[in-house]
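>>> Sequence first, predicted coordinates after that:
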Amino acid sequence: MKTSSFSALMTATISILVIESANASKTSGEKCQIIGYNQSGEEVGLIKEGMADCKSETSTCSGTNTAGEKKAWLYLPKGVCEKIEGGKVVK
C-alpha cells in the first residue's frame, strides 16, 4: 500500500471514530438549563457567557450566549443535571 493511500485511509478511519464517538455521547446525554437568582431575587441563567451549547432566542450558536441568559443550556451526561442546584432538564 502506498504511503499516501495509507495516510488517507487512517485519516478517514479517525474521522469516522470521532463522529461515532460524538453521536454516542449525544445519545447518552441531555440538555440542562441552570437557573439561579441574582441579588434582586430575579431568576437568571448561571451558565457563564460564551460557554453554552445552545441555540436560543438571543444567541445563534454554541459559545455565543450572554451572561444570565435563562434559555442557555449545556449538554451533560444523563443524571448530572438533576445533581446541580438549579439544574433543569429541557427537551
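Nice, I can see it.
>>> any weak-confidence spans in this protein?
Applying pLDDT under 70 to the chain flags residues 1-27, 55-60.
>>> Show me where this protein has its helices.
Taking DSSP state H, the helices of the chain run over residues 3-27.
>>> Near the nearest residue to Pro77 once chain neighbours are set aside, how many other residues are there?
Leaving aside its chain neighbours, Pro77 sits nearest to Gly29 (5.4 Å; criterion: C-beta to C-beta, 6 or more residues apart in numbering). Glycine gets a C-beta too; all of them are placed from N, C-alpha and C. Using other C-beta atoms under 10 Å, Gly29 has 17 other residues around it.
>>> before we move on, what about Gly86?
Neighbour count for Gly86, taken as other C-beta under 10 Å: 15.
>>> can you start the count at 56 instead of 1 from here on
In the new numbering, first residue 56, that becomes Gly141.
>>> My read is that it contacts Cys87, right?
No: applying C-beta atoms under 8 Å as the test, Gly141 and Cys87 come out as separate, 9.9 Å apart.
>>> circling back: so what's the residue nearest to Pro132 up against?
Gly84 sits next to Tyr130, Leu131, Pro132, Lys133 when contact means C-beta atoms under 8 Å, 6 or more residues apart in numbering.
>>> and Gly123, how many neighbours does it have?
Counted with other C-beta under 10 Å, residues neighbouring Gly123 total 16.
>>> Can you get me a residue count around the residue nearest to it when sequence neighbours are not counted?
Among residues not flanking Gly123 along the chain, Val99 sits closest, at 4.2 Å (C-beta to C-beta, 6+ apart). Using other C-beta under 10 Å, Val99 has 16 neighbouring residues.
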